[in-house]
Structure formats: structure tokens, C-alpha cells
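K.L.:
next one to model:
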Amino acid sequence: MTSSPTPPPVPSGASGDRGPLRRLRARGRDEAHRTATPLELFFDLCFVVAVAQAGIQLVHSVAEGHAGEGILDYAMVFFAVWWAWMNFSWFASAYDNDDVLYRVVTLVQIAGVLVLAAGVSQAFEEHDYLVVWLGYVIMRLALATQWLRAARAAEGPERTTALRYAGGVLLCQVGWLGLVLLPEGARPWWFLVMALLEMCVPLFAERGRPTAWHPRHIAERYGLFTIIVLGETIAAATIAVKSGVDENDSLGELLPIASGGLLLIFAAWWIYFVVPIHGHLRSNRQAFLWGYGHYVVFASAAAIGAGLEVAVEQTVGKAHISTLAASAAVTLPTALYLLTVWALHSRHFKAGITQQLVLPMTALLVICCTFLGDWAVLAAGVVCALSVAAGEALAARPARAHAPSNRPA
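P.N.:
Residues are numbered from 1 along each chain as shown. Predicted structure coming up:
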């Protein structure tokens, strides 16, 4: 990642004019009390619609015994959703002026993700990416428009950065046509090439002058999207359990899955939010590695919900896979989530080898739970809950060691 120096802070309120149309000028990293706006929260909620659609199709693919094909389609669709969300979030952190035109263009981006969501089933079932591509283009053209607005209001290196972003975004849209025009067998390889090119655009654009994103705001935005994805996971699993109980009257068989799934999701929330990550985001190198790595965090968190649905369907006899495969649909994304959160997030705040090993060992034990048959999900949930308890106990030990003694001399 780029290691360009942090730009000098722009004074808060630099936009000056408060009319309906204002110059799209950079905000400052010195702003106090910078929080997510209602428009950003609305943006996140609409994006989760596409995440939910991708999860539903992943469930169908895995339950029908086409896990490899389903995971590949899921990775491709999820990248489009995540990349568009991430680009908007970092742009908004640096340039959100909340004028009328900014709001309208953001709503166009939301419309784009809804179009993309409408095409997810075709992408999975027929490998037809036309509607997905169209929705992605709508989102990306809207973002390019925002960068051109920013370039018009800037000068010098900041203007160059904005123009590089706009040009890179537009050029990549031409390349994504390959998913529509190329033969089906070549599309996964073309996707890999285009995904790498997309991720190189910020590295190229910010070589001279990085944008003035706000560390606390970025950390909050990622945290909010994590909460929303985990919430969607709970909703999907709850609906699956309810359907199993209503249609098959199998509460006894589903109770271990429901209990274990709840423990998994609670632990996933706890592990992510136990550390104040904004203090780690001090440069583009650190922030970009952290931000890019969240593709795996978000995708695996959403896949846990899909796995719980698969486990429910297998238990009630609706999925054409083994108990081992259904258990793996839960335990493998859970282990991936734990390892990724540790690598990106938690390890920067762990003291000593014992604390550092908690999450990697938890991931290994969760994978071992795969072989416990009908009790695999519950066992994985208990392991994660115990991991949280162990982490809290280990974190409290240094605090007790440094606490002043109240005993008399």
C-alpha cells in the first residue's frame, strides 16, 4: 500500500457556503465528533439487501451440493457490493458536504445496488452477469461524478488525486464488460484480473497526495456495516429455524443449531468491537490494508448466516448434502472470520503470546467441531463463547497487576 504522508488537516467547516449546492471540498482530519450521517446509514441498509440476496443464493448452491460453484459466484457478487460500498465510505469520509447534489448522486448509487441485487439470482443460476454489471456501472458512474466534482473544487496535487480516481473508476468499467461478453469459462479469471486492477486504483491515485479521510469516522463506518451484516445473519438464521419448526415440527433437532448460531454471532460481535481500532489507522498503508482485508471479514460474516440456513435445511431433510458438509458450511466461515479479525484487528492490541494465540486456537478448535455431527454448531458456539471469556480474563490480568494495592504497608 502507499505510504504517502498524511495531508495537512483542513479546518473544519471549510465548505463555507451553506446553500443547496456547494463546492465539494475536502474535510479535515481534525474534526471533532465526526460520526456517520443518516444518509450513510441508509446507504448501508440498502447495500445489505444485495448481501442478503447473495447469501440466499449461496444457501441454495451449497444445499444442492454445488458448493464450489456457489462460493465462486458468491465471491464475485460480494466483491462488487463490498468494493462499491468501500469506495463510497472512504470518499464520504474525505469529501461529504451533504449538499443537494451530493445526496442525489448518493441516492443514484443506492439505486445501482438495488439493480445489482435484482440480478444476483441470474448470476448464480444462469451465470448471466448483465444485470449485476449494469447495477455496478450505475454505482461506479455516480462515484466518478463525485470525484469530478471534487477535482473541480480542488487544485494542485489534490486535484490530480481526484482526477486519477475518476479516470481509474471509468476505465475499469470498460474492463468489467468482459463478465458479460467473454465465454463462461474465462469469466472467473477475468474477474480476478479486474478485481486486482480495481484495487490498484486507490494506490495509483493517492501516490502524490492522500485524501483526508477521518480515522474515527472510517472505523465507525466499518463497524456499522459489520453490525448490519451480523444482524442480517441473525435474521436469516431465525427465518430458517422458524420455517423448519413450522413445516417439520422439529424444534428439538433445531435447538442446538439455533443456540450455537446465537453464540457464534454474539461472539463475532464481541471479538470485533472489543478493540478501539481507530488508533491504529494512522497512515494509508495501515488503513488500506485494514480496509481491503474487510472483504474477507464481511463476506465470512455473511456466510455464517448462510451456513446456519444450510445446517437447518440439512437437519429437516431439505438439503441434499451430508451432516459433515452442513457443519462445515458454518464452521469454516466462522474460522475464517476469527482468523481475519485477529490478523487485521485484534493482534495490534494483544500483549504476549498467550493473548495472541487465543483467536487462532479458537479458529482451529472451531474447525475441529466440524466432525461432531449434529452437535457441531452448538460446540462451535460454545468454543467461541469460551474464547471471549478467555480473552477478557487475559486482558484483565495486566490491569490487576498494575492496580495500586489498598493493603496497608
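K.L.:
in the least confident helix or strand in the chain by mean pLDDT, what counts as buried?
P.N.:
Every helix and strand in the chain was compared by mean pLDDT, DSSP states H and E; the lowest is helix 376-402, with a mean of 83. By neighbour count on 16 or more other C-beta atoms under 10 Å, the buried set for helix 376-402 is 376-385, 387-388, 390-391, 394-395. Where you see a C-beta, it was placed from the backbone N, CA and C, and this is true even at glycine.
K.L.:
in which helix or strand does the spatially most central residue of the chain reside?
P.N.:
Note on the chain: the residue nearest the mean C-alpha position is residue 298, at 3.0 Å, using C-alpha atoms, centre = their mean. Using DSSP states H and E, residue 298 falls within helix 284-315.
K.L.:
and the helix or strand just after that helix, how far out from the chain middle?
P.N.:
Counting by DSSP H and E, the next helix or strand C-terminal to helix 284-315 is helix 323-344. How far helix 323-344 lies from its chain's middle: 15 Å, per C-alpha atoms, centre = their mean, to the nearest Å.
K.L.:
same question for stretch 371-385.
P.N.:
Counting by C-alpha atoms, centre = their mean, stretch 371-385 comes out at 25 Å from the chain centroid.
K.L.:
for residue 346, what are its contacts?
P.N.:
271, 274, 275, 359 (C-beta atoms under 8 Å, 6 or more residues apart in numbering).
K.L.:
just these: which are in helices?
P.N.:
Among these, the residues falling in helices (DSSP state H) are 271, 359.
K.L.:
got the buried residues for the helix ranked longest in the chain?
P.N.:
As assigned by DSSP H, the longest helix anywhere in the chain is helix 215-248. Going by neighbour count (16+ other C-beta under 10 Å), the buried part of helix 215-248 is 215-226, 228-230, 232-234, 236-237, 240-241, 243-245.
K.L.:
go on, stretch 273-289?
P.N.:
274, 275, 277, 278, 280, 281, 283, 284, 287, 288.
K.L.:
for these, name the two members farthest from one another.
P.N.:
For the buried residues of stretch 273-289, the maximum inter-member distance is 25.4 Å, found between 274 and 284 (C-beta to C-beta).
K.L.:
returning to that earlier point: the least confident helix or strand of the chain packs against which elements?
P.N.:
helix 251-273, helix 323-344, helix 352-368 (3 or more C-beta pairs under 8 Å, 6 or more residues apart in numbering; DSSP states H and E).
K.L.:
pick the most deeply packed of the ones you listed.
P.N.:
helix 323-344 (a mean of 23; mean count of other C-beta atoms under 10 Å).
K.L.:
which strands and helices lie in contact with it?
P.N.:
helix 251-273, helix 284-315, helix 352-368, helix 376-402.
K.L.:
pull the residues that contact the shortest one.
P.N.:
Contact with helix 352-368 is made by 271, 331-332, 334-336, 338-339, 341-342, 346-347, 350, 380, 383-384, 387, 390-391, 394-395, as judged by C-beta under 8 Å, 6+ apart.
K.L.:
cutoff 7 Å now
P.N.:
271, 331, 334-335, 338-339, 341-342, 346-347, 350, 380, 383-384, 387, 390-391, 394 (C-beta atoms under 7 Å, 6 or more residues apart in numbering).
K.L.:
and that helix, how far out from the chain's middle?
P.N.:
For helix 352-368, the distance to the chain centre is 22 Å (C-alpha atoms, centre = their mean).
K.L.:
now do the longest one
P.N.:
Mean-position distance between helix 284-315 and its chain equals 7 Å (C-alpha atoms, centre = their mean).
K.L.:
kindly report the same for the last one.
P.N.:
Here helix 376-402 shows a centroid-to-chain-centroid distance of 24 Å under the convention C-alpha atoms, centre = their mean.
K.L.:
what does the first one give?
P.N.:
Centroid separation between helix 251-273 and its chain, computed with C-alpha atoms, centre = their mean, is 20 Å.
K.L.:
could you number the chain from 740 rather than 1 from now on?
P.N.:
Shifting the count to begin at 740 puts that one at helix 990-1012.
K.L.:
what packs against it?
P.N.:
helix 954-987, helix 1023-1054, helix 1062-1083, helix 1115-1141 (3 or more C-beta pairs under 7 Å, 6 or more residues apart in numbering; DSSP states H and E).
K.L.:
who's in contact with that helix?
P.N.:
Under C-beta under 7 Å, 6+ apart, the answer for helix 990-1012 is 962, 965, 969, 972-973, 976, 980, 983-984, 1040, 1043, 1047, 1050-1051, 1054, 1073, 1076, 1080, 1084-1085, 1098, 1113-1114, 1116-1117, 1119-1121, 1123-1124, 1126-1127.
K.L.:
please repeat the previous calculation with a cut-off of 8 Å.
P.N.:
962, 965-966, 969, 972-973, 976, 980, 983-984, 1036, 1040, 1043, 1047, 1050-1051, 1054-1055, 1069, 1073, 1076-1077, 1080, 1084-1085, 1098, 1113-1121, 1123-1124, 1126-1127, 1130.
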